[in-house]
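K.L.:
Sequence and predicted model, in that order:
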Amino acid sequence: MATSEPDGIKPMWEDDRNKLGGRWLMTLSKQQRHNDLDRYWMETLLCLIGESFDEASEDVCGAVVNVRPKGDKIAIWTGNCQNRDAIMTIGQQYKERLSLPGKTLIGYQSHDDTSSKSGSTTKNMYSV
């Protein structure tokens with residue numbers, strides 16, 4: 001798992017600065033690993049380094065990539081899942097930056113919902 005951690009924030013739900021937050025999550029198929037994973041991860045890191053989300057960049061806590069046998073995941077973590085305006089700005093600009101097709105949906109999940117889920121999926125609070 002590769003991570004990007006500004007200001008020493010750990011990419012863990014338990015970190016105090018993440019407890020009230022959530023993540024924009026993009027899931028990739030195994031086939032996308034060869035064509036898209038590296039490019040998406042690089043663009044994700046460039047978004048964080050360049051503070052590409054205008055004022056909403058202040059809500060970003062970091063990013064995580066998970067490479068797994070069933071499929072890969074890339075997520076941008078935010079500090080407050082109740083800050084809807086910032087979350088939607090981040091999601092819309094992130095999707096645009098990755099040049100994702102309009103029909104491709106990425107979802108935002110609160111860490112609280114993810115940590116307390118009973119099944120294998122978490123319900124999205126928002127999606128773009």
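P.N.:
That came through fine. Remember, it's a predicted structure, so these values are computed and weren't measured experimentally.

K.L.:
end-to-end on stretch 48-67?
P.N.:
20 Å (CA to CA, to the nearest Å).

K.L.:
which parts of it are buried?
P.N.:
Taking 16 or more other CB atoms under 10 Å as the neighbour-count basis, stretch 48-67 is seen to contain the buried residues 48, 52-53, 56-57, 59-65. All C-beta atoms are positioned from the backbone trio N, CA, C, and that covers glycine.

K.L.:
Which parts of the chain are helices?
P.N.:
According to DSSP state H, the chain carries its helices in the segments 32, 38-49, 84-97, 111-115.

K.L.:
I'd like these laid out as TSV, including distance to residue 103 and mean pLDDT.
P.N.:
Supplementary listing: the helices of the chain in TSV, determined by distance: least, CB to CB, whole Å; pLDDT from 0 to 100:
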stretch	distance to residue 103	mean pLDDT
helix 32	15	91
helix 38-49	17	96
helix 84-97	11	97
helix 111-115	25	76
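
K.L.:
I'd say residue 107 and residue 25 touch.
P.N.:
Yes: in this structure residue 107 lies within contact range of residue 25 using CB atoms under 8 Å: 5.8 Å.

K.L.:
With distance to residue 99 as added columns, please give the buried residues of stretch 48-67 in a markdown table.
P.N.:
Converted to a markdown table, the buried residues of stretch 48-67 look like this (distance: CB to CB, whole Å):
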| residue | distance to residue 99 |
| --- | --- |
| 48 | 18 |
| 52 | 14 |
| 53 | 16 |
| 56 | 20 |
| 57 | 20 |
| 59 | 23 |
| 60 | 20 |
| 61 | 24 |
| 62 | 22 |
| 63 | 18 |
| 64 | 21 |
| 65 | 18 |
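
K.L.:
And the furthest pair within these?
P.N.:
Among these, the pair separated by the greatest distance (CB to CB) is 56 and 65, at 21.0 Å.

K.L.:
hang on, the earlier thing: closest one of the buried residues of stretch 48-67 to residue 35?
P.N.:
Ranking the buried residues of stretch 48-67 by separation from residue 35, with CB to CB as the measure, puts residue 65 on top at 15.3 Å.
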